[in-house]
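Asks: I'd like to go over a predicted model; first the sequence, then the structure.
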Amino acid sequence: MTSAHPSGPSGHLPEAHRPRPGGSFDATAITFAAMGLFDGLSADQRTRVLLSHEDPGRKGWNFLPESGRPGLPLAELDRRQEVLAHRLIAESMSIPAYARVVQVMANEHVLRELNQPVFGHVAATLRDARGYFLTFFGQPQPDTTWGWRLVGHHVSVNLSVVDGDLVNATPFLLGAEPARFGPFRILGEEEDTAFILLDSLTGSQRQQTVIHPKPPADFVTRTVPTVGEVEYPAYHGVGRRDAMITDEDREALAYFRSHPRGIRVGDLSAAQRNHFDALLAHFVGRARPGLVGFEMDRIAAAGGVDELRFAWAGGTSIEQPHYFRIQGPATLIEFDNAEDNANHVHSVWRDPANDFGTDLLIQHHLDHDHTGSHADDTG
């Protein structure tokens, strides 16, 4: 997928963005991959990997190294189990997204060596390419509601399956530290495409787009379980102080759900719109190809691509700390490269109305009676 095409004049989406006729097998493919992994685990591993779908930890998706994290670490899987885990990861997203996940985890080897002078022997355990935790929320079975999460340093993948049919893939977070080092530039395509779009804007368009001369230290909405009406960025990154911001910065950078900042996409020229579509595709295209049409349908139902807003903060060259945001009722994308002298990236794709499949679950319960009141009473 190289671009996300806008909806047509009638409001209908192009055929390329529509789910396959006759239904989708995306949920089935993900579920079968999850079942294969679950069945390949030992009894003890199953106990540790499985929580209820209603567990309050379902929305705890913090991607920073932390102790006491629930779930089963990849480091404790044998070779066959690890392959099954990667089959699940790969089945749950596009192959380019899977490649990025693998690169982010492998980047921990590089970071361990870079951190050695600062962290000493602790770096060996703090930076671990297999220190990522897998959790099932509800046992994966056909035609059921369940979810799974892979989380660790700079990775937070959260998949939800509702009634064995509908799939949600947000929040989806990827980061890179360092963002540029040797052959690694894991999120470089997203960053370059954003700069191409920024550079294509006219002077007056830039005035609408650039909302503040300083970027946040991290993405503005942080890892809150549910995006609120208003969210403010933190004063600095967790555990670090190299990209501090003030109260005035926080006000200027704040997220307002009902009043998005930046330039309206419908006001871009045709060439600029192509750049924006390519940028949007880098994030929505993290989903399985069969789910892209579903995600674009949600954007269309919430006003369409024209009503999305693109905002920028910070420097206007890659060597300067910078940040951008794409915002709409069903879409929130943030990309931040402010720490380590603009060499430490965090990027996230969220759906403010449907993270963790919340909206799908609500609609499912509205469409299906779960009280038993319509059960056949023939006894």
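Replies: Perfect, I can see it now. A quick note: this is a predicted structure, and the numbers were derived from the prediction, not measured.

Asks: Look at Gly57 and give its secondary structure.
Replies: Under DSSP: H, G, I helix; E, B strand; the rest coil, Gly57 falls in the helix class.

Asks: residues in contact with it?
Replies: The contact partners of Gly57, by CB atoms under 8 Å, 6 or more residues apart in numbering, come to Leu51, Pro70, Thr135. To be clear about C-beta, it is placed using only N, CA and C from the backbone, and glycine gets the same treatment.

Asks: Please repeat the previous calculation with a cut-off of 10 Å.
Replies: Applying CB atoms under 10 Å, 6 or more residues apart in numbering, we find Gly57 in contact with Leu51, Arg69, Pro70, Gly71, Thr135, Phe137, Arg149, Pro225.

Asks: Ile362 reaches Phe356, doesn't it?
Replies: No: counting by CB atoms under 10 Å, Ile362 does not reach Phe356; the two are 11.6 Å apart.

Asks: neighbour-wise, which of those two wins?
Replies: Phe356 (23 against 13; other CB atoms under 10 Å).

Asks: which element is the closest residue to the more buried one other than its chain neighbours on?
Replies: Using CB to CB, 6 or more residues apart in numbering and skipping the chain neighbours, the partner closest in space to Phe356 is Ser160 (5.5 Å). Here Ser160 sits within strand 155-162, counting by DSSP states H and E.

Asks: Output the contacting helices and strands for whichever strand or helix holds Ile196.
Replies: Taking DSSP H and E as the criterion, Ile196 maps to helix 188-200. Counting contacts by 3 or more CB pairs under 10 Å, 6 or more residues apart in numbering; DSSP states H and E, helix 188-200 packs against helix 95-119, strand 172-176, helix 203-209, helix 270-284, strand 309-314, strand 322-328, strand 331-337, strand 345-350.

Asks: In PDB, list the C-alpha atoms belonging to stretch 191-200.
Replies: Extracted in PDB, the C-alpha atoms of stretch 191-200 (Å, rounded to 0.1, in the frame of the first residue of the first chain):
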ATOM      1  CA  GLU A 191       9.500  11.000   8.800                       C
ATOM      2  CA  ASP A 192      10.600  11.800   5.200                       C
ATOM      3  CA  THR A 193       7.100  11.800   3.900                       C
ATOM      4  CA  ALA A 194       6.000  14.300   6.500                       C
ATOM      5  CA  PHE A 195       8.900  16.600   5.600                       C
ATOM      6  CA  ILE A 196       8.000  16.300   1.900                       C
ATOM      7  CA  LEU A 197       4.400  17.400   2.800                       C
ATOM      8  CA  LEU A 198       5.700  20.300   5.000                       C
ATOM      9  CA  ASP A 199       8.100  21.500   2.400                       C
ATOM     10  CA  SER A 200       5.300  21.600  -0.200                       C
END
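
Asks: Tell me the gap between it and the middle of its chain.
Replies: From the chain centre to the centre of stretch 191-200 is a distance of 20 Å (CA atoms, centre = their mean, to the nearest Å).

Asks: Mind checking the pLDDT average for that stretch?
Replies: Averaging pLDDT along stretch 191-200 yields 98.

Asks: Would you indicate which residues of it are buried?
Replies: By neighbour count on 16 or more other CB atoms under 10 Å, the buried set for stretch 191-200 is Glu191, Thr193, Ala194, Phe195, Leu197, Leu198, Ser200.

Asks: Also stretch 173-191?
Replies: Within stretch 173-191, the residues that count as buried by 16+ other CB under 10 Å are 173-180, 184-187, 190-191.

Asks: isn't Gln116 right next to Ala123, touching?
Replies: Yes: Gln116 is within contact range of Ala123, at 5.1 Å (criterion: CB under 10 Å).

Asks: gap between the spatially closest residue to Pro178 that is not a sequence neighbour and Phe181?
Replies: Nearest residue to Pro178 in three dimensions, chain neighbours excluded: Asn343, at 4.8 Å (CB to CB, 6+ apart). Distance, Asn343 to Phe181, by CB to CB, to the nearest Å: 8 Å.

Asks: Taking the buried residues of stretch 173-191 together, which two end up most distant?
Replies: Leu173 and Arg180 (19.2 Å; CB to CB).

Asks: Now do the SS call for the nearest residue to Val345 once chain neighbours are set aside.
Replies: Nearest non-adjacent residue to Val345, counting by CB to CB, 6+ apart: Ala179, 4.3 Å away. Following three-state DSSP, Ala179 is assigned to coil.

Asks: can you name the two of the contacts of Gly57 that are farthest apart?
Replies: Among the contacts of Gly57, Gly71 and Pro225 lie farthest apart (CB to CB), at 16.9 Å.

Asks: The two - which one has more neighbours?
Replies: A count of neighbours by other CB under 10 Å puts Gly71 above the other of Gly71 and Pro225, at 20 against 14.

Asks: was I right about the more buried one contacting Arg46?
Replies: No: applying CB under 10 Å, one finds Gly71 not in contact with Arg46, separated by 11.9 Å.
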